[in-house]
Each structure stands twice: as structure tokens, then as C-alpha cells.
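> give me the fold of what follows.
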Amino acid sequence: MADFRRILIRATNWIGDAIMSLPALGAVRARFPQAHIAVLARPWVADLYEGEAAVDEVLLYRNTSVRERLRIAHALRKRHFEAAILLQNAFDAALLAWLAGIPQRIGYNRDGRGLLLTRDVPVPQAGEIPRHERFYYLEMLRRAGLIESFPPDAPIRLDGADRLRRRGRDLYAGRGIPMPVVAVSPGAAYGTAKRWLPERFAAAATQLAAKIGASVVCFGSGSERALCAAVSQAIDQQGVRSFNLAGETELRDYIALAAAASLYLTNDSGAMHIASALAVPTVTVFGATDHTTTGPTGHAARIIREPVECSPCLLRECPIDHRCMTAVTVERVVSAGIELLHREGEGQRDMDTRRKIVDVDEALRVAAEESVCVVSGYFDPLTAEHAGRLEEIRREASDGRVVVAIQDLPGSLLDSRSRAEMVAALRTVDYVVAGEGVERVLANVPGDRLIREEDADGERQRRLVEHIRARHEA
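Residues are numbered from 1 along each chain as shown. Model (predicted):
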């Protein structure tokens, strides 16, 4: 495909989707480093792209009226874009690119828009790509021939987090809100089925704020102001200072305020995606939605959920007793928050190699979490195909954490501790356990979350020995 010099990217309309499509935006920039890349976005998501290094220009698409559609099509035509990459799925996205006369129009063939596309990409079927939604956007680029493969798996991040954090502190100071801040978003745009109980948000935020002497700030849309007021009032009644900013911030300011928080408690929402993408320690309560497809990414994110039989239902309103949320206790959220605050207090916003190596008791605690995948093997450097295999496992695990258990291997080049240090250096690994007691960890992991690599490692070692013997005999 040609090296486009002017590219228009049609952004998605929801904040969460916009965050999850950032890796695709970065991949386009990596493929076309010299191109002028503009993003066409609706006003309520446009500020997300303000500081993104991959973006040269942000254009606003205010509404879908005939007048606005013709206005923006005329403006795009004058900019002489050579290609439009449609991350949004809607028919309107393809129609607008066609009206603007953009020669190459690339997107998924869905919503009846195939005839308007010059590169109509088949929609992936279930099981063809990893479950997390970021791969949906990357796969469109791959199938269109814009990238050869997925970029290295890494947490989704917004650019400029340090700058945003500094600005956020200034904004808090301007409002008279003392630092540090525990942020809370008790709402969710999709419906009440996604919402944890407001009184439990209040209780968890109160306990966590009290531990670090923090204020609590509640965020939400204007329609969630009453909900946030109830949470804020409950926190105030427990003697912790609380502030309700629901409906009072534009997205640009909200992103900075979120970046400056010491801890964020939320449901599955746009707030979760933003906080996680800023590497803010984030505890998210999941219930009606699927954490494997839309969950947060990175070491600073924790998912709390109760695996009831009807979850994920993907419904807006719960038709029964909301058991997926009522079963999640305050204690579980507080425990996850304390763990993250402890890491943050030690400067562990991105966990370093040394701290990834844990003892058996800590490994047992981590492995008890439902979202954790445990990989057992020898991981001897002489048979080193492990980095690629662990990257594959990490991709399949989506946003769950990966624990590697290092088994003893007679005749290994390195002892188990040295092998543990080498594996811990991989970004795809969250924790490593080695030495006596490893089998006790493995015995407590359900079979569907345990991957045994010993046979594969043994086969690699056998092939290596045969190769060396053959070379020697030759």
C-alpha cells in the first residue's frame, strides 16, 4: 500500500472505545512516521487526542445533521487527505469520507457501508483475534495491509501523563481541594447494571482516604450529580473531606484531575479507561460487562468481580437481584486499593523486576484472584523460546495478570533464582515464584487458569541436545 502523506482517522464516539483504539492510532503513526495525521472526533471525545504524539490535528464533527455533514465534508475535501481510516463502525463514517472525496477509504465492512469503502475489511469472527477490544482495531489495520502484525503487547497509555498530573494538581489547588486525592466515579453511562452500590463506594473511599490522609473527589456526568452527591455526603459524614465535581468539568480538565489522583475507584466506565491509561492506580468493579474484552490494562489496574452464573449479561438494567454487584464486598475493594497504594508509595507505578519475584505465600494470594493466569515451566535460557510464548499467553490472558512458576531443572545452565530474575525482566510477566513450595502454588490453581510448559521445555531441551550432538558428529 502507498506511503500516504495525509491521513484522516475517524475516531470512535465513546471514551472507552477511543482509549482502546489508541494502540491502533500509534500503529498508524509507526507505519507512516512522516504523514500528517488528523483525527476527526465528536466534541465529547476530542480532548483525548490533544496531547497524543501520533496526532497532528484534531477536527471536530459536532453532529450528524445534513448541514454539519456537508460542512465537514467540504472542509475535509479542502485538506486533500489521501486516506481515511475508519475506526468508528457506523455508516456515517464511510459516507462522510466518501462525500469528502478521500480516495482511499478503509474500514470494517459492516453497518451496510461496504460499497462506500475502497478497502472493505472483513469483520473478525469470534476466536480469530485476542478478546480485548484493542485488538479489534489493530486487526482492521492488519487485514487492510497497513501493518504486518500486532505491535508488542503493552498497557494502553495516554501520552503526557506527567504533564497532565502537574496540571491536575494545579486545578485541585485552584478549587481548594487538598492533596492527595482518592477519586471515585460511581456512575456508568451504559446503565445501572454496571454500577456497584453507591454506599459501598462511599465506605471503600472513606477507608482508603483515611489511610493516606486524602480528600475524596467524586466525578461523573451532569446526570450523575445526584448519585455523586449521595456518595460525597456519606463520606463527609464519616469525617473525611469530600468534593462533588460531577458535571462541573470539561473532558480536558477531567483528564488532568484524574491524572493527579493517588487512587481511582470506579465501575466499568470511561473514567476507568482514562485513569488506567494514565497509569493511575485503579480499582474497577465489574459485573454485567466482560472484563476480558473491555477491562483496563497495566500493572496499576485491579479488577474486582464476583463470578456469578449470569455474568457477564451485557444488559443495561439487571432483571433480577444484581447479584454480580451485591456480592462484591467493601473489604475486597479496600484490600486492592491498599495494595496499589503500597506499590505507589514505593514508587512502583510500573513494577520493577526485583519486586516481581514473590514468595510462595504472596504467590498463593495473587493466584487466588480469578483473573490471574499461572504458567509453570523450567524457563532455562539454553532453550529460550520463552519470551515469545509468554507474550502469546499474555495476549490470550487479555488484562489478567500472569504469574510464572519456575520449576527446578537438573542440569540447568542457571539455578531457579537466576532463571526467575531473567523471566521477571520480561514486560509480559507480572509475578514470578521459584524454589521450594512452587508445587503448593500450582496445586491451588484451577486447571483452566494453569498452563504447564514443562513438556514443551523438555522437548526444546531434547531438540537442542540432538542439534548439538549432530553438529559434534558432523
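
> for the stretch 1-150 of the chain, which spans come out with low pLDDT?
Residues of the stretch 1-150 of the chain meeting the criterion pLDDT under 70: 1.

> go again with 50.
When the per-residue scores of the stretch 1-150 of the chain are filtered using pLDDT under 50, no range remains.

> now the helices for it?
With helices called from DSSP state H, counting those that start in this stretch, the stretch 1-150 of the chain shows them at 15-20, 22-31, 43-46, 66-79, 91-99, 134-143.

> so can I have CSV of the ones you listed showing distance to Gly400?
No exception for glycine: its C-beta is placed from N, CA and C like everyone else's. Compiled in CSV, these are given as follows (distance: least, Cβ to Cβ, whole Å):
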stretch, distance to Gly400
helix 15-20, 16
helix 22-31, 18
helix 43-46, 27
helix 66-79, 41
helix 91-99, 32
helix 134-143, 15
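
> okay, these, which one's buried deepest?
Of all the helices of the stretch 1-150 of the chain, helix 15-20 carries the top mean neighbour count, a mean of 24, counting by mean count of other Cβ atoms under 10 Å.

> contacts for it, please.
11-12, 41, 44-45, 48, 132-134, 137, 156, 158, 251, 269-270, 272-274, 276-277, 294 (Cβ atoms under 8 Å, 6 or more residues apart in numbering).

> which of those are buried?
Judged by neighbour count, with 16 or more other Cβ atoms under 10 Å as the criterion, the buried members of the contacts of helix 15-20 are 11-12, 41, 45, 48, 132-134, 137, 156, 158, 251, 269-270, 272-274, 276-277, 294.

> narrow the residues you listed to those in strands?
With strands defined by DSSP state E, the entries of those inside them are Ala41.

> list the contacts for the residue lying closest to Glu57 once chain neighbours are set aside?
Closest residue in space to Glu57, ignoring its immediate chain neighbours: Ala38 at 4.1 Å, by Cβ to Cβ, 6 or more residues apart in numbering. For Ala38, the contacting residues are 6-9, 55-59, 79, 81, by Cβ under 8 Å, 6+ apart.

> nearest to Ala126, of those residues?
The shortest approach to Ala126 among the contacts of Ala38 belongs to Ile9, at 26.2 Å (Cβ to Cβ).

> and for the closest one, the neighbour number?
Residues contacting Ile9 under the criterion other Cβ atoms under 10 Å number 25.

> show me what stretch 78-94 is in contact with.
Among residues not part of stretch 78-94, those counted as contacts by Cβ under 8 Å, 6+ apart are 2, 4-13, 21, 24-25, 28, 38, 64, 69, 97, 100, 102-108, 110-113, 116-117, 137, 140-141, 144, 146.

> ok, now stretch 253-260?
With Cβ under 8 Å, 6+ apart as the contact definition, stretch 253-260 has outside contacts at 47-48, 158, 161, 164-169, 171-172, 179, 181, 183, 217, 219, 245, 249, 264, 271, 274-275, 278, 280.

> give me phi/psi at Ser376?
Ser376 adopts backbone torsions of phi -110, psi 140, taken as degrees, to the nearest 10.

> chain center to stretch 185-199: distance?
Relative to the mean C-alpha coordinate of its chain, stretch 185-199 is positioned 19 Å out (Cα atoms, centre = their mean, to the nearest Å).

> any buried residues in it, and which?
Buried, per 16+ other Cβ under 10 Å, within stretch 185-199: 185-190, 192-196, 198.

> among the residues you listed, show me the least confident.
When the buried residues of stretch 185-199 are compared on pLDDT, Tyr190 comes out lowest, with 80.
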